[in-house]
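**Q** below are the sequence and a predicted model for it; my questions follow.
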Amino acid sequence: MKSFWYKLISIIDTPLWLEIFFAMLLLLRIPSFFEPYYYGDEMIYLALGEGVRQGIPLYSGLHDNKPPLLYLTAAIAGNLFWFKVILSFWSLITVYGFWKLVNFLFPNKNTLHKVSTVIFGLLITLPLLEGNTVNAELFMIGPIIFAFWIILSKVNNFKNLFLAGVLFSVASLFKIPAAFDILGIVIFWLIFTKKDGIENFVIKSFYLFLGLIIPIGLTFIWYYFAGSFKEYLIAAYLQNFGYVSSWQRSGVKATFLVKNGPLLIRAGIMFIGFLSLWLSRKKLSKNFIFVTAWLLATLFAVTLSERPYPHYLVQAVAPISILLGILITNKTIEQSLTVIPLALAFFVPFYYKFWYYPTSTYFQRFINFSLGKIDKQTYFNGFSPNLNTNYKLADFLQKSVQKSEKIFVWGNDSAAIYSLSKRLPPFKYVADYHINDFASKEEIIKTLEKEKPKFIVITSNSFQFPELNRFLNQKYYIISEIDSSQIWLYINK
């Protein structure tokens with residue numbers, strides 16, 4: 001037993017500066033532990049996690065468009081606080097893995113290790129790129145980083161490559177675009193493959209992809225026997241094809257080339273970048289080529305949907321941090337060359353007008369709240385003006401409805417009310433846009449007529465739903481109004 005602990009300590013041995021940095025990152029995450037239930041994606045994850053805890057099957061019983069690991073993590077957490085705590089320690093492990101990778105890539109360059117690791121740790125922690133929120137990108141980058149560390153620092157035998165593939169698979173089971181990172185290492189191998197090494201390249205790639213495919217394949221087997229194979233395939237995979245490049249052209253009828261032209265152009269830019277690295281392979285270091293190839297793959301994944309959500313950029317933070325470390329500390333010709341891939345990396349959020357969130361305001365608001373300068377209601381209103389209403393509605397539902405009973409909430413904050421109250425709808429959609437995108441209004445009304453949920457809540461920020469209004473006037477009556485949100489009770493005739 002002692003030998004095991006000595007071995008473990010030797011593996012995770014870290015310098016003092018990194019341990020201090022870990023403490024600082026935890027300190028920066030403390031405000032997130034006190035965040036209210038407001039962020040839409042987190043609310044959906046927690047609602048589906050609550051469904052898992054109640055025995056409701058994913059995809060056939062509750063719907064969202066990601067693979068299962070994020071919802072299962074939410075189920076383990078049980079509430080927002082523990083969800084944030086899990087993310088905090090997962091992120092520290094991710095930063096540790098990043099430090100290990102940079103150490104291997106650039107041995108004896110301590111300043112580069114520090115600069116790159118600090119940049120990386122701050123970017124995945126601060127609100128600027130939504131580092132304070134629970135999102136798939138923050139979970140998936142850890143397994144990717146450890147996969148690259150294994151591939152680059154260990155012998156490329158079956159065991160290590162298969163294990164690395166499994167880690168890529170774990171990342172992909174948080175969010176499918178994680179699989180694009182694997183292009184970084186495959187292209188890197190290909191660039192340095194000679195004619196007599198093609199067979200070895202094919203074998204290594206096969207081992208890696210085998211590790212990637214098997215865990216994902218096992219999830220399909222699981223959902224097949226759970227009776228949710230079709231729903232899992234459509235929700236977690238096929239629906240994401242429609243998500244690609246759909247932000248600017250949603251609902252627009254166009255030919256394949258017109259609608260997907262920008263995606264094809266981005267793919268072309270990526271492969272031109274790969275070709276440039278191949279042509280420069282004798283002039284550039286292997287590490288520089290690897291990091292740049294990794295960046296190109298991640299930028300393609302980041303822009304798949306052209307949606308400007310800041311947390312998408314988290315997928316590219318690791319190679320960007322390494323290149324910034326080289327730019328700041330590495331006094332070689334490659335220090336100047338980093339400007340080229342970094343210019344591309346910073347062009348992406350500028351061109352696609354990625355949103356960003358103010359960091360100083362976030363921390364100042366928390367400091368004012370913790371010092372008693374603002375009350376809880378004011379603190380909550382700083383996140384969303386409807387938050388206090390959502391908490392009142394959820395409190396009413398918790399007191400009035402058993403967990404086994406179903407409710408229906410119609411409005412923009414429906415997922416927040418479901419997750420807060422730990423009560424769920426009689427169908428699989430927990431967000432109003434899920435209903436608008438994947439169900440008909442007639443289907444919803446038929447389910448409500450059949451299931452007769454005890455309460456239906458219409459929030460003040462809901463979209464028009466005339467069929468629901470007619471249904472309510474026939475079967476329900478208003479028993480309460482909370483801040484312009486209506487609570488309707490079923491008339492049991």
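**A** Perfect, thanks for sending it.

**Q** from residue 50, how far out is residue 59?
**A** Distance of residue 59 to residue 50, given as CB to CB, to the nearest Å: 15 Å. Every residue, glycine included, has its C-beta placed from N, CA and C.

**Q** again with residue 341
**A** 43 Å.

**Q** before we move on, what about residue 192?
**A** Between residue 192 and residue 50 the computed distance is 49 Å (CB to CB).

**Q** more neighbours: which of the two?
**A** It is residue 50, of residue 192 and residue 50, that has more neighbours when counted by other CB atoms under 10 Å, with 24 against 13.

**Q** which residues does that one contact?
**A** If a contact means CB atoms under 8 Å, 6 or more residues apart in numbering, then residue 50 has 74, 75, 78, 418, 419, 422, 424 as its contacts.

**Q** what helix or strand does it sit in?
**A** Under the criterion of DSSP states H and E, residue 50 resides in helix 40-53.

**Q** hey, which helix is longest across this protein?
**A** Residue-count comparison of every helix in the chain, with assignments taken from DSSP state H, identifies helix 198-225 as the longest.

**Q** circling back to that earlier point, make a ChimeraX selection of the buried ones in the contacts of residue 50.
**A** If you want just the buried ones from those in ChimeraX, going by 16 or more other CB atoms under 10 Å, the selection is:
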select :74,75,418,419,422,424
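
**Q** which of the contacts of residue 50 fall in helices?
**A** Where the contacts of residue 50 overlap with helices, as defined by DSSP H, the overlap consists of 74, 75, 418, 419.

**Q** report the two of those residues separated the most.
**A** By the measure CB to CB, these have their two most distant members at 75 and 418, which lie 14.1 Å apart.

**Q** helices and strands of this structure: which one has the lowest mean pLDDT?
**A** Comparing every helix and strand of the chain by mean pLDDT, DSSP states H and E singles out helix 2-12 as the least confident one, with a mean of 52.

**Q** quick check: next helix or strand after that one?
**A** Beyond helix 2-12 on the C-terminal side, the first helix or strand identified by DSSP H and E is helix 16-33.

**Q** name the residues of stretch 391-402 that are buried.
**A** Of the residues in stretch 391-402, those with enough neighbours to count as buried (16+ other CB under 10 Å) are 391, 393, 394, 396, 397, 400, 401.

**Q** correct me, but residue 123 touches residue 131?
**A** Yes: with contact defined as CB atoms under 8 Å, residue 123 reaches residue 131; the gap is 6.8 Å.

**Q** okay, and the common contacts of the two?
**A** residue 314.

**Q** higher neighbour count, the two?
**A** residue 131 (27 against 19).

**Q** which helix or which strand is home to that one?
**A** Short version: residue 131 belongs to no helix or strand, going by DSSP H and E.

**Q** how many other residues sit next to the nearest residue to it once chain neighbours are set aside?
**A** With CB to CB, 6 or more residues apart in numbering as the measure, residue 125 is the residue that lies nearest to residue 131, at 4.4 Å, once sequence neighbours are left out. Applying other CB under 10 Å, we find 24 residues neighbouring residue 125.

**Q** tell me who's in contact with residue 125.
**A** Listed by CB under 8 Å, 6+ apart, the contact set of residue 125 reads 25, 28, 29, 91, 131, 132.

**Q** helix, strand, or coil at it?
**A** The three-state label given to residue 125 by DSSP: H, G, I helix; E, B strand; the rest coil is coil.

**Q** so residue 216 sits against residue 171, correct?
**A** No: in terms of CB under 8 Å, residue 216 does not count as a neighbour of residue 171; the distance is 10.8 Å.

**Q** okay, the two: which has more neighbours?
**A** Ranked by neighbour count (other CB under 10 Å), residue 216 and residue 171 place residue 171 first, with 29 against 18.

**Q** the more buried one contacts residue 137, correct?
**A** No: at 9.7 Å, residue 171 and residue 137 do not qualify as touching, with contact defined as CB under 8 Å.

**Q** quick one: stretch 472-482 to chain centroid distance?
**A** Chain-centre distance of stretch 472-482: 38 Å, with CA atoms, centre = their mean, to the nearest Å.

**Q** and for stretch 445-455?
**A** Once both centres are worked out by CA atoms, centre = their mean, stretch 445-455 turns out to sit 33 Å from its chain's centre.

**Q** spatially nearest residue to residue 76, not counting backbone neighbours?
**A** Nearest in space to residue 76, with sequence neighbours left out and distances taken as CB to CB, 6+ apart, is residue 86 at 7.2 Å.
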